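Visitor: Pasting the sequence and the predicted model now:
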Amino acid sequence: MALVEVKVPDIGDFDEVAVIELLVKVGDTVKAEQSLITVESDKASMEIPSSTAGVVKELRVKLGDKVKQGSLVLMVEASSETAVAAPSSTLPLAVAAAPLATAATAATTAPAVVAPAASGPVEVHVPDIGDFKDVAVIEIFVKPGDAIKVEQSLITVESDKAAMEIPSSAAGVLKELKVKIGDKLNIGDLLAILEGSVAAVAPVAAAASAVASVAVSAASVAPSLPTASIAAAAHNPGAPTLGLPHASPSVRKFARELGVPLEEVKGNGPKGRISLDDVQAFTKAVMAGATQTKAQAAKAPASGDGAALGLIPWPKIDFAKFGPIERKEMGRIKKISGANLLRNAIMIPAVTNHDDADITQLEAFRVSTNKENEKSGIKVTMLAFLIKACVAALKKYPEFNSSLDGDALVYKNYWHIGFAADTPNGLMVPVIRDADKKGILQISQEMGELAKKARDGKLSPAEMTGATFTISSLGGIGGKYFTPIINAPEVAILGVCKSTHEPVWDGKQFVPRLMLPLSLTWDHRVIDGAAAARFNAYLGQILGDFRRVLL
C-alpha cells in the first residue's frame, strides 16, 4: 500500500480557480478518473478527476479554496498495483490549442485510451427516487430481447401522489425483467439484467480526462466555437448559457439517471448552481405531488379550455370581484379521473337506456342472508347481487364484455367487474376479478376490503385495472336516473340509484313493490339500441328472480 498525491492537472490559462463542490470524502473508495472536486473560474466550471484508484485518506482542499495547476487535492492510499505516476504538469500543445470539436473527437476516439470491449450481464437497479417506499409498478415498456439504450425508460412507478418513469442506467439487450405490474419497489431493487457490450476506458492522465470531459460537454452546446485553452465552459456563469443549466457533469448524470429535466430544477448554490441536493429535492417534490414537470403539465387537462378542440376559449372571470371566494386545488385523483372522463365523454358516442327492476324478493333474501351470517361479519349489499347478475347478462350478450381495437372487437373470456367507490380523495374504481367464479358472500367480503383500501388511499394499480364492465352505484344517497360515463376501453357501464317502493299493477290491483332504477350507458359504435334494451330487460329479469343466474 502506498500514499499517492492527487494534484490539479493542467486546466489551461487559469490561475487560482475556486473549489465549489467536494464530490468525495475521507474513507471513500475512488476509481481512476472519478471526479473529486468541481472548480469554477469566472468563465467556466469543470470537474477534476483522480489520477489513481484507492481510498481517500486526507482531503487537502475545502469549499472556497483557490487552487491551480499542481495544487494538492487529496491523498489516496493505493496498492502498488493500482498506484500510477502523477499526471504530467502540461498537456500536449496540439490538444491544448485545438478547437472544441477536435479536442472532443480526439478525446473520445483515440484508440490509445480504449481497452478491448467487455461484455457480460449488467444489473439495472432502481435509483434514488426520494423518500418513498413500496412504489408500485404500473407500466412496463420493455420485454426480454429488446435492445435497450442508456436512459431509455423501462417502467413507470407510482406513489400515492405521482408517477415517474425509471430509465436504464446501461445499454444492452434485455435478458431478464425482474419486475411485473403491481410489484412494489424501493431504492436499489433489481429491475433488469442486460447483456451489455461496453468499451472499457483505460486509465489515462487526469489532465487528458479533464480535457475530454470539458471539450465534449462544451462541444455539445457550441461545437463551432474554437478555443486556445482547455477551460471551455461546461457552463459560463458570466455569459448566456444557451439553455444549459448551471450544474456539474456529475449532477447532470445524476439527473439523467432519475429522468429529471434539469432545466426545471431551481439551483440553490452560488450563482444559481444546481447541486445533487437540489435534484433530490425536486424529485421528492414531484413524487409528493407538490410540483409538476412541464411534461406532466402538458398531459394534464387544460382546465376545460376548449381551444384544443377548435372551440371558443373558456371564459376567464375574476370571481373575487363579485364577492368572497376560496380557491382550492383539485387533488391528483380528481385531476387524473377528470382527464379520462373528458376524453371518454367526447370520443365515445354514448347512449343511455333507463329501466326499473323489481327487487322486492331479492331484497328480502338479502336481509335474511345478513341475519343468518351475522356472526361472520360479512355484510351482503345489493351491489354484490348486481355484480353477479351483470356477469350473467354479460355472458348472454358478450358484446357488452368487449372492447374496440381499431376496426376489430376484442371479446374477453373473463369477467372482471369494476365498481365505483366514493372516497375523500375522489372517485376510484376497484375491480372484482373473476366475478363469475365467486359467490355472493365472497364478492361482498372482497368489495368491503377493496372499498376500505380505496378510502385509505392504499389501492394498488393492479387492483384498479383490467375491468371488463363497471357499475356506478349511488346506493342509498338518492336520485332516480343518471347518465354514467363509460370507462374506456370498456363499451358499457351500469348506473343504479336508490330503490323506492312504488305501486305496480299485477293484473288485478296495484301492489307495493321495491323498484331499483337502472341506467345503462353503451357505446353506439359497438352496441345498437335493440341489444341494449334486451340487456337491460334481461338484467331486470335476473334481479326479479335470481334463480335465473343458475340457468
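Guide: The structure has been received and is ready for your questions. Numbers count the residues shown, from 1 in each chain.
Visitor: got the contact list for residue 15?
Guide: residue 68 (CB atoms under 8 Å, 6 or more residues apart in numbering). Any C-beta I mention is one placed from the backbone N, CA and C, and that applies to glycine too.
Visitor: Specify the local secondary structure of it.
Guide: coil (DSSP: H, G, I helix; E, B strand; the rest coil).
Visitor: cool, the one 3 residues further on as well?
Guide: Classification of residue 18 by three-state DSSP places it in strand.
Visitor: And for residue 548?
Guide: Under three-state DSSP, residue 548 comes out as helix.
Visitor: so who does it touch?
Guide: 392, 541-542.
Visitor: what's the answer for residue 429, then?
Guide: 418-421, 464, 467, 470, 487.
Visitor: For residue 455, what are phi and psi?
Guide: phi -60, psi -30 (degrees, to the nearest 10).
Visitor: what's the distance between the closest residue to it other than its chain neighbours and residue 452?
Guide: Spatially, and ignoring its direct neighbours in sequence, residue 455 is nearest to residue 423 (4.9 Å; CB to CB, 6 or more residues apart in numbering). From residue 423 over to residue 452 the distance is 10 Å, taken as CB to CB, to the nearest Å.
Visitor: which one of these two has more residues nearby?
Guide: Neighbour totals were compared for residue 423 and residue 452, and residue 423 leads with 16 against 13 (other CB atoms under 10 Å).
Visitor: Test my guess that residue 64 contacts residue 18.
Guide: Yes: at 6.5 Å, residue 64 and residue 18 qualify as touching, with contact defined as CB atoms under 8 Å.
Visitor: Comparing the two, which residue is more hemmed in?
Guide: Higher neighbour count among residue 64 and residue 18: residue 18, with 16 against 9, using other CB under 10 Å.
Visitor: hmm, who's touching stretch 147-163?
Guide: For stretch 147-163, contacts defined as CB under 8 Å, 6+ apart pick out 124, 126, 129, 132, 135-142, 164-174, 179, 185, 191-192, 194, 256-257, 259, 286-289, 296, 332, 457-458, 461.
Visitor: Let's see that with 7 Å instead.
Guide: Residues from elsewhere that reach stretch 147-163, judged by CB atoms under 7 Å, 6 or more residues apart in numbering: 132, 135-142, 164-168, 170-174, 179, 185, 191-192, 194, 256, 286-289, 332, 457, 461.
Visitor: just checking, which of these belong to strands?
Guide: Residues of the contacts of stretch 147-163 located in strands (DSSP state E): 135-140, 164-167, 172-174, 185, 191-192, 194.
Visitor: Would you list the buried entries among those?
Guide: In the ones in strands among the contacts of stretch 147-163, burial by neighbour count holds for 135-138, 164, 166-167, 172, 174, 185, 191-192, 194, counting by 16 or more other CB atoms under 10 Å.
Visitor: so residue 76 bridges to which residues?
Guide: On the basis of DSSP bridges, residue 76 is bridged to residue 4, residue 56.
Visitor: hang on, the earlier thing: let's have the contacts of residue 548 in a markdown table, adding neighbour count and pLDDT.
Guide: Below are the contacts of residue 548 laid out as a markdown table (neighbours: other CB atoms under 10 Å; pLDDT from 0 to 100):
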| residue | neighbour count | pLDDT |
| --- | --- | --- |
| 392 | 20 | 96 |
| 541 | 16 | 95 |
| 542 | 23 | 95 |
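Visitor: ok, those residues vs residue 323, which is closest?
Guide: Ranked by distance to residue 323 (CB to CB), these are led by residue 542 at 51.9 Å.
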